[in-house]
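1. Give the three-dimensional model of this entry:
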Amino acid sequence: MSRLKLISPDSATGKAKDLLGAVNAKLGMVPNMTRAMANAPTVLEGYLQLSGSLSHGVLSPKVREQLALAISETNGCDYCVAAHSAVGKMVGLTADQIRDSRLGTAIDSKIEALLRFAHKVVEARGRVTNGDLDEVRDAGFDDGAVAEVVAHVALNVFTNYFNNVAETDLDFPKAASLTIESAETA
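-> A predicted model of the protein is given here:
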């Protein structure tokens, strides 16, 4: 059971009601994470604004989901791994791409370099090396893409930590285990 109260869109008032209504209008549902964030409408609003802004960047929806999967797996956030596995399928990621992203790998070497960089940003708390930057640049990414990756790391670390603290109840299908057996049958 979630450790933070889940605000019902039906009983919400004021800014929380407006924000949850906007989430419902966009997604056709109100995920438990946003219901928990609605305890502090400024938190929900900040999440929605940053997420919305980043959706207009240079990184494709598939790449954004691959980043979210890699970061969420690194941070051990079951809620976000489940949510981004579901959304990843919606944007066209295959089961293999979802699994690979969670492992920080990809068949496409350019995407793999981006996932490795995001993992290094998380693990090093942003203190990446010049070599780390050179590797992602050598893969074909400019400083704008690097900046967006850092912003996606920040967004996902926020949601990962939020859900880990809240122990948000899953309202997406539980993500498959990353055992070797599940990789073979995925």
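
2. can we go C-alpha only for contacts and neighbour counts from here?
-> Fine.

3. So which residue is dead centre in the chain?
-> Centroid-nearest residue in the chain, with CA atoms, centre = their mean: residue 68, separated by 3.2 Å.

4. Could you find the closest non-adjacent residue to that residue?
-> With CA to CA, 6 or more residues apart in numbering as the criterion, residue 68 has its nearest non-adjacent residue at 6.2 Å, and that residue is residue 156.

5. count of neighbours near that neighbour?
-> Residue 156 is flanked by 24 other residues according to other CA atoms under 10 Å.

6. Buried ones in the one helix or strand it maps to, by neighbour count?
-> Here residue 156 sits within helix 143-166, counting by DSSP states H and E. By neighbour count on 16 or more other CA atoms under 10 Å, the buried set for helix 143-166 is 145-146, 148-157, 159-164, 166.

7. List the contacts of the closest residue to residue 83 other than its chain neighbours.
-> Of all residues not flanking residue 83 in the chain, residue 172 sits nearest, at 5.7 Å (CA to CA, 6+ apart). Counting by CA atoms under 8 Å, 6 or more residues apart in numbering, residue 172 touches 79, 82, 83, 86.

8. looking at these, which has the most residues close by?
-> Greatest neighbour count in the contacts of residue 172, by other CA under 10 Å, goes to residue 79: 25 neighbours.

9. Roughly how far does it sit from residue 68?
-> Using CA to CA, to the nearest Å, residue 79 is found at 12 Å from residue 68.

10. just residue 161 next, same as before
-> 13 Å.

11. Where does residue 87 fall, secondary structure wise?
-> Using DSSP H and E, residue 87 sits in helix 78-90.

12. which is the next helix or strand following that helix?
-> Remark: after helix 78-90, the chain's next helix or strand is helix 95-102, criterion DSSP H and E.
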